[in-house]
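Chemist: what's the 3D shape of this:
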Amino acid sequence: MPKKVFSGNHGKVSAQPRFHQRASEIQEYGTVNHALPLELEEPVRLEMTEQLNQLLADTMTMRDLYKKSHWQVAGPTFYQLHLLFDKHYDEQVELVDTIAERIQILGGVSLAMAADVAETTQIDRPPRGREEVPVQLSRLLDAHQIVIRHCRKLARRASELGDDGTNDMIISDVLRGNEMQVWFLSEHLVNVPLVEAREVLSKAG
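Modeler: Alright, predicted model coming up:
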């Protein structure tokens, strides 16, 4: 006669899904685990994960600000900016993953939920309604400035602490990506005529 199979203290193995499960957290936010042999001391990893979570919150806010701008942009440059905003959104999505994964690699816990991001970000909250294109662009550039300023400080600090992986990620991915997006946005705020030059050069002779 076959023996009955039991799974721990939960009783007989069954195909019935187990719903509404809850348990204690397996790692508290703001801590780092000790299992990964990274050759980085715990205080270094604690400081880096805290700073990276700030950068993550700001990057997630930046990402969402681009999507809001993509949906709500209006005016003669709608088509170009609609596409540009979505391209930058996709690039910010990649940066969010890169930063979050670095936090996890260092043994920390990355922010994830919108409410936690809203409490942490340094970027001003925009209104729910639509704004003019120059305001959208200026708001995005202000957000980029916050991220870039933090990147420069964080990269230097990571280098001082010997966290070369974080330093490289910040400079190669986050900083350079944001700098490129700043360039593309800024060019849309140059006040030049569209179809006729302001001054007509006089003919020689």
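Chemist: does the residue nearest to the spatial centre of the chain lie in a helix or a strand, and which?
Modeler: With distances taken as C-alpha atoms, centre = their mean, the residue of the chain nearest its centroid is Thr59 (2.4 Å). Using DSSP states H and E, Thr59 sits in helix 42-72.
Chemist: and the next helix or strand after that helix, what other elements does it pack with?
Modeler: Where DSSP H and E defines the elements, the next helix or strand beyond helix 42-72 is helix 78-105. If you count contacts as 3 or more C-beta pairs under 8 Å, 6 or more residues apart in numbering; DSSP states H and E, helix 78-105 packs onto helix 42-72, helix 164-169, helix 176-187. C-betas here are computed from N, CA, C, even on glycine.
Chemist: adding distance to Leu111 and mean pLDDT, write the ones you listed out as CSV.
Modeler: What follows is these, written out as CSV (distance: least, C-beta to C-beta, whole Å; pLDDT from 0 to 100):
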stretch, distance to Leu111, mean pLDDT
helix 42-72, 5, 98
helix 164-169, 16, 98
helix 176-187, 19, 98
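Chemist: point out the most buried one among those helices.
Modeler: Burial of those is given as mean neighbour count (mean count of other C-beta atoms under 10 Å); helix 42-72 ranks first at a mean of 20.
Chemist: tell me the angle that one makes with helix 176-187.
Modeler: Here helix 42-72 runs at an angle of 30 degrees relative to helix 176-187 (axes from the mean of the first three to the mean of the last three C-alpha atoms, to 10 degrees).
Chemist: helix 42-72 relative to helix 78-105, how many degrees between them?
Modeler: Angle between the axes of helix 42-72 and helix 78-105 is 160 degrees (criterion: the same axes, to 10 degrees).
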